[in-house]
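Predicted coordinates and the sequence they were generated for:
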Amino acid sequence: MEVPGGHYLECIQDGVEIDQWFAEEQVVRIRFGLKLDVIRQFAASLGLPQELQAITNGKSPSSFYRQGKITPDMQVILHQVLQCPYQGAIKQMYLEGKVLELAALQFAQFAEADVLSRSEPLLKQDDIDRLHHARAILVAQLNHPPSILSLARQVGLNDFKLKQGFRQVFGTTVFGYLRDYRLEQARLLLLEGQMSVQQVARAIGYMHSGYFAKAFKQKFGVSPKTYQGRATLHRMIPLVPEKSSEC
């Protein structure tokens, strides 16, 4: 299942991909593909995810699907792609460069996760359930989150297993997850346009709007004020149905 804030690595052989979305749901998705010779060039200088290693050895690719988490560095590049200021051949060169940047970040994230998975012990299902409980507590106490020690006690884990397990299951630290969740909620509130930037900052637990603005720009590549302004402009512009033609 694809979720906001995720990125995906996939290869489909002898099959058809079907996407389903809710009616009137706004979805922005950027997809790109790489030729085999480009992937092999990556392999020469960068560790590849295990799914792609077989391809570099001359074997036929098999179907696979893998999900990762979009990082702040990826967010910046994605916004640069969506707001490309160029046209024509320069635009093509610019976007091709950004695609290679995204691919490098994605491959590095998956390759690092592969190394960690080989060195870290497997979690028991009971531990995984406790980690999901810990995440639910963080979300429920968004404005006044518990400390690591307090959270660990509440779910019956020691603080080391909580921190290590959070990285394994959710791909980030405990408070890294909390920060990203807060900022995603802030983005949705700004999109609604019912609250000021200062009100949004307080609603998600930031006492100082300056700290909030810095964190928001780091994650999404634009300031919250700019993001809210663009969202307001988008709501004001009526959508015109695209004309379709058949040949």
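Happy to help now that I have it. Since the structure is predicted, the reported quantities are computational estimates derived from the model, not experimental observations.

pretty sure Phe110 is touching Gly68, no?
Yes - under the criterion of CB atoms under 8 Å, Phe110 makes contact with Gly68 at 6.1 Å. Using the backbone N, CA and C atoms, a C-beta is placed for each residue, glycine as well.

So for the two, which residues contact both of them?
Leu9 (CB atoms under 8 Å, 6 or more residues apart in numbering).

can you map out the helices along the chain?
36-45, 50-56, 72-82, 88-119, 125-140, 148-155, 159-170, 174-192, 197-203, 209-220, 224-236 (DSSP state H).

and these as JSON lines, adding mean pLDDT and mean neighbour count?
Converted to JSON lines, the helices of the chain look like this (pLDDT from 0 to 100; neighbours: other CB atoms under 10 Å):
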{"stretch": "helix 36-45", "mean pLDDT": "75", "mean neighbour count": "13"}
{"stretch": "helix 50-56", "mean pLDDT": "76", "mean neighbour count": "16"}
{"stretch": "helix 72-82", "mean pLDDT": "89", "mean neighbour count": "16"}
{"stretch": "helix 88-119", "mean pLDDT": "86", "mean neighbour count": "14"}
{"stretch": "helix 125-140", "mean pLDDT": "92", "mean neighbour count": "15"}
{"stretch": "helix 148-155", "mean pLDDT": "94", "mean neighbour count": "16"}
{"stretch": "helix 159-170", "mean pLDDT": "86", "mean neighbour count": "17"}
{"stretch": "helix 174-192", "mean pLDDT": "88", "mean neighbour count": "18"}
{"stretch": "helix 197-203", "mean pLDDT": "92", "mean neighbour count": "17"}
{"stretch": "helix 209-220", "mean pLDDT": "88", "mean neighbour count": "18"}
{"stretch": "helix 224-236", "mean pLDDT": "74", "mean neighbour count": "15"}
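
Make TSV out of these and add distance to Val27.
Output for the helices of the chain, formatted as TSV (distance: least, CB to CB, whole Å):
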stretch	distance to Val27
helix 36-45	27
helix 50-56	25
helix 72-82	13
helix 88-119	18
helix 125-140	23
helix 148-155	33
helix 159-170	23
helix 174-192	13
helix 197-203	23
helix 209-220	17
helix 224-236	14
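
Select, out of the ones you listed, the one closest to Ile12.
Nearest of the helices of the chain to Ile12, taken as CB to CB: helix 50-56 at 12.5 Å.

Now do that closest one: everything it contacts.
With CB under 8 Å, 6+ apart as the criterion, helix 50-56 contacts 9, 11, 36, 39-40, 43, 48, 61-62, 64, 66, 107, 110, 114.

Nearest the geometric middle of this structure, what residue?
Centroid check for the chain by CA atoms, centre = their mean gives Ile70 as the closest residue, at 2.4 Å.

returning to what we had before: which pair in the contacts of helix 50-56 spans the largest distance?
Longest span within these, CB to CB: Leu36 and Asp114, 20.3 Å.

For the closest residue to Tyr65 other than its chain neighbours, which residues are in contact?
Of all residues not flanking Tyr65 in the chain, Glu10 sits nearest, at 4.6 Å (CB to CB, 6 or more residues apart in numbering). The contact partners of Glu10, by CB under 8 Å, 6+ apart, come to 17, 63-66.
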